[in-house]
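Student: Generate coordinates for the sequence data below:
(2 chains)
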2 protein chains.
Amino acid sequence: MLKKFDVVVIGGSAGGITAALTAKAAYPHKSVALVRREQRVLVPCGIPYVLASLESVDQNLIPDAMLTQAGVELIVGTVLDVDTSAHNLTLDSGEEVGYEKLILATGSVPVVPDIAGIDKDGVLYVKKDYQYLTMTRERLLSAAKIVIIGGGFIGVEVADELLRAGKDVTILEKNDWLLPTALDKEFGTHVADILTSRGARVLTGVDVEAVIGDDRAAGVRLAGGQEIPADAVVVSVGYRPNVDLAVKMNLQVHPRFGIVVDEYMRTSTQDVFAVGDCTAKRSFLTGDYSPLMLASTAAHQGRIAGMNLFGIRTVKEFIGSVSAFSTEVGGVAFASVGLGEDRARSIGMEYLVGRAESADKHPGKLPGAMKQTVKLIFARSSGVLVGAQLSGGQSVGEMVNELAVMVQKRMTVEEILALQFSTHPMLSASPIAYPVVNAALNALKAGK
Amino acid sequence: MLKKFDVVVIGGSAGGITAALTAKAAYPHKSVALVRREQRVLVPCGIPYVLASLESVDQNLIPDAMLTQAGVELIVGTVLDVDTSAHNLTLDSGEEVGYEKLILATGSVPVVPDIAGIDKDGVLYVKKDYQYLTMTRERLLSAAKIVIIGGGFIGVEVADELLRAGKDVTILEKNDWLLPTALDKEFGTHVADILTSRGARVLTGVDVEAVIGDDRAAGVRLAGGQEIPADAVVVSVGYRPNVDLAVKMNLQVHPRFGIVVDEYMRTSTQDVFAVGDCTAKRSFLTGDYSPLMLASTAAHQGRIAGMNLFGIRTVKEFIGSVSAFSTEVGGVAFASVGLGEDRARSIGMEYLVGRAESADKHPGKLPGAMKQTVKLIFARSSGVLVGAQLSGGQSVGEMVNELAVMVQKRMTVEEILALQFSTHPMLSASPIAYPVVNAALNALKAGK
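Tutor: As a prediction, the model looks like this:
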């Protein structure tokens, strides 16, 4: 029996959910279905936090009520194939589902590095899969010594949680500092210092040669021969777009970065859209493909697709990824948006840097005050803000969004200096020391 | 003996300090002096917090090193008179000081309401004065029952602190809800609920007829006859600009709102600028005078004056006050920017409201997660964001600045929906539920 919907979304994580909800909100009279493989869907960014901050994997589920209450039909099943001419898809149950508009939100899967012994038992990945995560959680919490291969944000967040759980943790990163995709060296070094001060061993600029042990992983060997014993090995060296279905459907796919989409998230095939980790995203500034995969970007793309399914309703084009990113390590928040200094240099941009520091309450003697650091990067020729890096307390999570607005509105250093901001003793830096303004002022001076 | 400086600032709080520091940064070769009455300067917004959150008044001082290290000369003394033709001022010491450019930052003083018995002993004000504040702190901390007249942000913050110190607190407000200048009714009611749940008595829509007692205040009597006994009475019914010197200098002064300045903070007299609470500020949206006095606005004006003393260097005009405001009550942050719903209605603006709620961490089961509420107000005809009101955890203090940027950049509901934001489990709402976006979406639906 063939069911037919106006809109079918494949994939149940941030991109798929947002696309389905937005489609239903934008076109209330259209029928919308979401097809997903999983019985239960994990909050994607919350996954590291099931290890210690949350009490169970079940505390990290996205409730289905969000979809069903909005009138989105939920179908659990694996899509085996899509006939884009007939506009219908075949599920593993044999059931067929028709669509007028299709949105792929098939996500990403962990990269398996080319290392000897990588298939040993005890080598674990951070996957968006309830069963697998439950198993991973049990194995990590029963291990004493854990090695993490990869110091990107998943690796760092897992390390942070395993320290919270009292584990002996070693984190290995092939670049010269942690979080190299999101943070400049001084911020990445600060992350490493925090992890080290909490008892972790942090090794940067290292290559892993092999997972050692018999059937079961007993540690890793670095290039050079040093062995690091461990009861479990976590691999977090990146994710690759899950494009299996897209390739089967004969969509245009970039071999490394994913499904090619336009600024309304349309693929190369009529009536087929794609959003989230499975799509190839370009940096809004450089035009290069960006490897950063973020649930917030997926949700943003989901909103754009959902709004523009049946014609361009709003000028809501995806301008490319601004890479607005935040994380927390040992209770210190780190965030970035746009270009880092390193990236600006590598593309040959002449830039100005402005820096400022302050307590995030004022006076700084107030209980709970933390140091806040802001670094702003401006294009030298135009004075336009192209990037920001920051660290501090919880409010950094929204301060980066304030800066993300400025980056997206292409504001100049002088426009930023002309803005009015709110400050409060319990909530922010003093009006005299507000670090966004003072970093802009510092850049202005540097430019003279 | 006549000392002469290129720039002289009168007043040592947020506006004066920022003006002096910016002048020195913008014109490094000019000599800058700051003249102030006080030996020691209080962090203005921190004053309520000396009652319980800080251990002493001394923990709430602005260090002079900030000025002296930047090369600003500090002169302690009271300015008796200014001769604007001769470009010099006379101090109470008899000393004369010459200037090329003068900046007035003389601040504000508490309004003394016209109530019988207001001059009794035990009636206290919240003043920016070290000696007076030290006395006030001692008297309040030795009192058991305290009545606060006025439920603006000073009254509410003092109430919050006195509750922390274990006092029996009653707060009286003549409007129908607390914080009426900054918050709409539902947010003001939320503030009252928090204070009430912590043991305070909150009475709104009431008029105070008299302070009762013999020489010493023993409570207040409301219109209608109800008496509320108290050991101390705090009066916080607003502040008026301190324009005594400006009037003496024959500057143009608005009788209620203060010194009249243009968009570069120039007064009606050549070479004389004014910034902060002592100036008359218009709302950037309505053009009406705005009664809100904020250190952040003062600092903003100080930067503009400091940059443009010797000619217009940058297009950094003061566009009027956007009234970006934040506070905290019982650990819950409240904030607003631009027009509230009430204000929009009163000026006859047709508007759209969008609302959204979320936890400020995700999943919401993470320790320390708090509810975040966002209300956005858009002009109906243009779709431009004209105001926002919010409540939640500490990050609301920066979320309001993100919204302040959008208000100042006159962004529309569709532009806001097209923005990319960062989210993180430990720092912010989920990407699906990010309340700034969802409130915009909610407004878009309301407009259809």
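
Student: any idea how far the most centrally placed residue in chain A is from chain B?
Tutor: Geometric centre of chain A, nearest residue: A:Leu294, 2.5 Å, by Cα atoms, centre = their mean. Distance, A:Leu294 to chain B, by Cβ to the nearest Cβ, to the nearest Å: 8 Å. For the C-beta atoms, the positions are set from N, CA and C on the backbone; glycine is no exception.

Student: Could you do A:Gly331 as well?
Tutor: From A:Gly331 to chain B the distance is 9 Å (Cβ to the nearest Cβ).

Student: Show the backbone phi and psi for that residue.
Tutor: Note on A:Gly331: backbone dihedrals following degrees, to the nearest 10 are phi 80, psi 0.

Student: what's the neighbour count on it?
Tutor: 12 (other Cβ atoms under 10 Å in any protein chain shown).

Student: How about A:Phe310?
Tutor: Neighbour number of A:Phe310 under other Cβ under 10 Å is 15.

Student: element containing it?
Tutor: Using DSSP states H and E, A:Phe310 maps to neither a helix nor a strand.

Student: Likewise for A:Ser381?
Tutor: Counting by DSSP H and E, A:Ser381 is found in no helix or strand.

Student: these two touch, right, it and A:Thr412?
Tutor: No. Using Cβ atoms under 8 Å, A:Ser381 is not in contact with A:Thr412; the gap is 11.0 Å.

Student: Those two: which is more packed in?
Tutor: Set A:Ser381 next to A:Thr412 and count neighbours by other Cβ under 10 Å: A:Thr412 wins out with 16 against 10.

Student: Chain neighbours aside, what residue packs nearest to that one?
Tutor: A:Gly383 (4.1 Å; Cβ to Cβ, 6 or more residues apart in numbering or on different chains).

Student: how about the helix or strand harbouring A:Ala192: buried residues?
Tutor: Per DSSP H and E, A:Ala192 falls inside helix A:185-197. Judged by neighbour count (16 or more other Cβ atoms under 10 Å in any protein chain shown), helix A:185-197 contains these buried residues: A:187-192, A:194-195.

Student: From chain B, how far out is the residue nearest to A:Thr412?
Tutor: Note on A:Gly383: its distance to chain B, by Cβ to the nearest Cβ, is 11 Å.

Student: from what I can see that residue touches A:Ile416, true?
Tutor: No. Using Cβ under 8 Å, A:Gly383 is not in contact with A:Ile416, being 9.5 Å away.

Student: These two: which has the busier surroundings?
Tutor: A direct count of neighbours by other Cβ under 10 Å for A:Gly383 and A:Ile416 places A:Ile416 higher, at 24 against 18.

Student: my read: the more buried one touches A:Met406, true?
Tutor: Yes. Judged on Cβ under 8 Å, A:Ile416 makes contact with A:Met406 at a distance of 6.2 Å.

Student: Pull up the overlap in contacts between these two.
Tutor: Common contacts of A:Ile416 and A:Met406 (Cβ atoms under 8 Å, 6 or more residues apart in numbering or on different chains): A:Leu385.

Student: ok, back up a step: where does the residue nearest to the centre of chain A land on pLDDT?
Tutor: You'll see A:Leu294 listed with a pLDDT of 93.

Student: Now do the same contact list for it.
Tutor: So A:Leu294 contacts A:321, A:323-325, B:422, B:431 (Cβ under 8 Å, 6+ apart).

Student: what residues does the stretch 251-400 of chain A put near chain B?
Tutor: When proximity is defined as Cβ under 8 Å from any Cβ of the partner chain, the stretch 251-400 of chain A approaches chain B at A:294-300, A:303-304, A:307, A:314-317, A:319, A:321-322, A:324-328, A:333, A:335, A:337, A:362-363, A:365-367, A:393-400.

Student: Let's see which of these end up in helices.
Tutor: A:295-300, A:303-304, A:307, A:396-400 (DSSP state H).

Student: among those residues, who's most crowded?
Tutor: Ranking those using other Cβ under 10 Å puts A:Glu398 first, with 33 neighbours.

Student: residues in contact with A:Gly302?
Tutor: A:Gly302 touches A:14-22, A:103, A:105, A:275-276, counting by Cβ under 8 Å, 6+ apart.

Student: Those in helices, which ones?
Tutor: Those of the contacts of A:Gly302 lying in helices (DSSP H): A:14-22.

Student: Next, format those as CSV and append distance to chain B.
Tutor: Shown next, in CSV, are these (distance: Cβ to the nearest Cβ, whole Å):
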residue, distance to chain B
A:Ala14, 5
A:Gly15, 9
A:Gly16, 10
A:Ile17, 6
A:Thr18, 5
A:Ala19, 10
A:Ala20, 10
A:Leu21, 7
A:Thr22, 8
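
Student: Confirm A:Val233 sits in a helix?
Tutor: No. Looking at A:Val233 with DSSP: H, G, I helix; E, B strand; the rest coil, it is strand, so not inside a helix.

Student: need the contact list for it.
Tutor: Shown in contact with A:Val233 (Cβ under 8 Å, 6+ apart): A:120, A:122-124, A:146-149, A:211, A:217, A:219-220.

Student: what about A:Ala210, how many neighbours?
Tutor: Counted with other Cβ under 10 Å, A:Ala210 comes out at 16.

Student: Can you list the helices and strands that the helix or strand it falls within packs against?
Tutor: Under the criterion of DSSP H and E, A:Ala210 resides in strand A:208-212. Using 3 or more Cβ pairs under 8 Å, 6 or more residues apart in numbering or on different chains; DSSP states H and E, the elements in contact with strand A:208-212 are strand A:219-222.

Student: Name the surrounding residues that touch the strand it packs on.
Tutor: Residues outside strand A:219-222 that contact it (Cβ under 8 Å, 6+ apart): A:145, A:147, A:149, A:172, A:203, A:206-213, A:227-230, A:233.

Student: Return the list of strands paired to it, each annotated with direction.
Tutor: The strands that strand A:219-222 pairs with in its sheet are strand A:208-212 (antiparallel), strand A:227-229 (antiparallel) (by DSSP bridges).

Student: Can you say which of the ones you listed is packed in most?
Tutor: Mean neighbour count (mean count of other Cβ atoms under 10 Å in any protein chain shown) peaks for strand A:208-212 among these, with a mean of 20.

Student: how about it as PDB, C-alpha atoms only?
Tutor: What follows is strand A:208-212 as a C-alpha-only set of coordinates in PDB (Å, rounded to 0.1, in the frame of the first residue of the first chain):
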ATOM      1  CA  VAL A 208      48.900   7.300  16.100                       C
ATOM      2  CA  GLU A 209      50.500   4.300  14.400                       C
ATOM      3  CA  ALA A 210      48.500   1.400  15.800                       C
ATOM      4  CA  VAL A 211      46.000   0.200  18.300                       C
ATOM      5  CA  ILE A 212      47.900  -2.400  20.300                       C
END
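
Student: Need the contact partners of it.
Tutor: So strand A:208-212 is contacted by A:113, A:115-118, A:120, A:123, A:149, A:172, A:217-223, A:227, A:233 (Cβ under 8 Å, 6+ apart).

Student: how does it look with 6 Å?
Tutor: Residues outside strand A:208-212 that contact it (Cβ atoms under 6 Å, 6 or more residues apart in numbering or on different chains) are A:115-118, A:120, A:123, A:149, A:172, A:217-221, A:223, A:233.

Student: The stretch 101-250 of chain A: helices as residue ranges?
Tutor: For the stretch 101-250 of chain A, applying DSSP state H, counting those that start in this stretch gives helices covering A:130-142, A:153-164, A:185-197, A:244-248.

Student: got the contact list for the second one?
Tutor: This points to helix A:153-164. A:48, A:51-52, A:126, A:146, A:148, A:169, A:171, A:178, A:195, A:198, A:200, A:234, A:236, A:327, A:329.

Student: Any chance of the contacts of A:Leu294 in JSON lines with neighbour count, pLDDT and distance to B:Val82 as columns?
Tutor: JSON lines is the format used below for the contacts of A:Leu294 (neighbours: other Cβ atoms under 10 Å in any protein chain shown; pLDDT from 0 to 100; distance: Cβ to Cβ, whole Å):
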{"residue": "A:Ser321", "neighbour count": "23", "pLDDT": "91", "distance to B:Val82": "56"}
{"residue": "A:Ser323", "neighbour count": "28", "pLDDT": "93", "distance to B:Val82": "53"}
{"residue": "A:Ala324", "neighbour count": "28", "pLDDT": "95", "distance to B:Val82": "50"}
{"residue": "A:Phe325", "neighbour count": "24", "pLDDT": "95", "distance to B:Val82": "52"}
{"residue": "B:Ser422", "neighbour count": "28", "pLDDT": "96", "distance to B:Val82": "50"}
{"residue": "B:Pro431", "neighbour count": "29", "pLDDT": "93", "distance to B:Val82": "57"}
